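[1] Could you look at this predicted model? Sequence included:
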Amino acid sequence: MTDPVVDTVEVGASPEAIWAMLDDPDALARILPGCESIVREAPDRFKAVIASKVRFMTIRSDVEATLLDADRPRHLRLLLEGRPRGLGGSFVASIPFDIEALGPNRSRVRYSLSLELSGSLSAFGGAALAEPLRAQIGELIQTAEREIGPSSPDRAE
């Protein structure tokens, strides 16, 4: 297990708008970095293929994403369980999100990431894989802000 990575970002969107995007597979497909496909399997579960750049290669993984501990629109824990294609092993990432309203159409998103690796995937080292995943999560949040955009009914004109 890697040491948890913790980060905080401010986003120009309400907690409700952020939550709506995290719960919509079409929106997730547009904003999730490296997402090649995503399908809702159940109200709280998605299946996806995600490509991640790690060191000198791109790793494509079949991922099951489960939304846990939901307290709409304030808290959510995203559990990612995946198997990379062409490599032995698997990973489990736990990513709790806390979303706090800062004012009209402004939120603070605090998240952490812990990553567990097994099999030959663990030879890469947790830190080498955790950093690209952390960057993808940060990019997801910033892309969500752009997706919501100034023309959204959630935003003040």
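    Arrived safely.

[2] can we go C-alpha only for contacts and neighbour counts from here?
    Fine.

[3] ok, now how distant is the most centrally placed residue in the chain from S14?
    With distances taken as C-alpha atoms, centre = their mean, the residue of the chain nearest its centroid is I137 (4.6 Å). Separation of I137 from S14 (C-alpha to C-alpha, to the nearest Å): 18 Å.

[4] Also A93?
    A93 sits 26 Å away from S14, going by C-alpha to C-alpha.

[5] Give me the more crowded residue out of the two.
    For A93 versus S14, the count of surrounding residues by other C-alpha atoms under 10 Å is larger for S14: 24 against 20.

[6] How much space separates the closest residue in space to the more buried one that isn't next to it in sequence from A13?
    Sequence neighbours aside, N105 is the residue nearest to S14 in space, at 4.3 Å (criterion: C-alpha to C-alpha, 6 or more residues apart in numbering). For N105, the distance to A13 equals 4 Å [C-alpha to C-alpha].

[7] who's more crowded, the two?
    Taking neighbours as other C-alpha under 10 Å, N105 and A13 compare with A13 leading, 26 against 16.

[8] That one contacts E147, correct?
    No. Look at A13 against E147 with C-alpha atoms under 8 Å: they stay out of range, at 10.0 Å.

[9] which SS state does P33 fall under?
    When classified by DSSP: H, G, I helix; E, B strand; the rest coil, P33 comes out as coil.

[10] How many neighbouring residues does the nearest residue to it once chain neighbours are set aside have?
    Residue nearest to P33 in three dimensions, not counting chain neighbours: Q136, with 5.8 Å by C-alpha to C-alpha, 6+ apart. When counting by other C-alpha under 10 Å, one arrives at 18 neighbours for Q136.

[11] which residues touch the residue nearest to the centre of the chain?
    Shown in contact with I137 (C-alpha atoms under 8 Å, 6 or more residues apart in numbering): L32.

[12] can you tell me how far it sits from E16?
    The gap separating I137 from E16 is 18 Å, by C-alpha to C-alpha.

[13] How about R77?
    16 Å.

[14] Could you do A93 as well?
    From A93 over to E16 (counting by C-alpha to C-alpha), the distance is 24 Å.

[15] same check, this time on E41
    Separation of E41 from E16 (C-alpha to C-alpha) stands at 23 Å.

[16] go on, A101?
    In terms of C-alpha to C-alpha, A101 sits 9 Å off from E16.

[17] What of M57?
    Counting by C-alpha to C-alpha, the gap from M57 to E16 is 36 Å.

[18] I appreciate the help and will end here.
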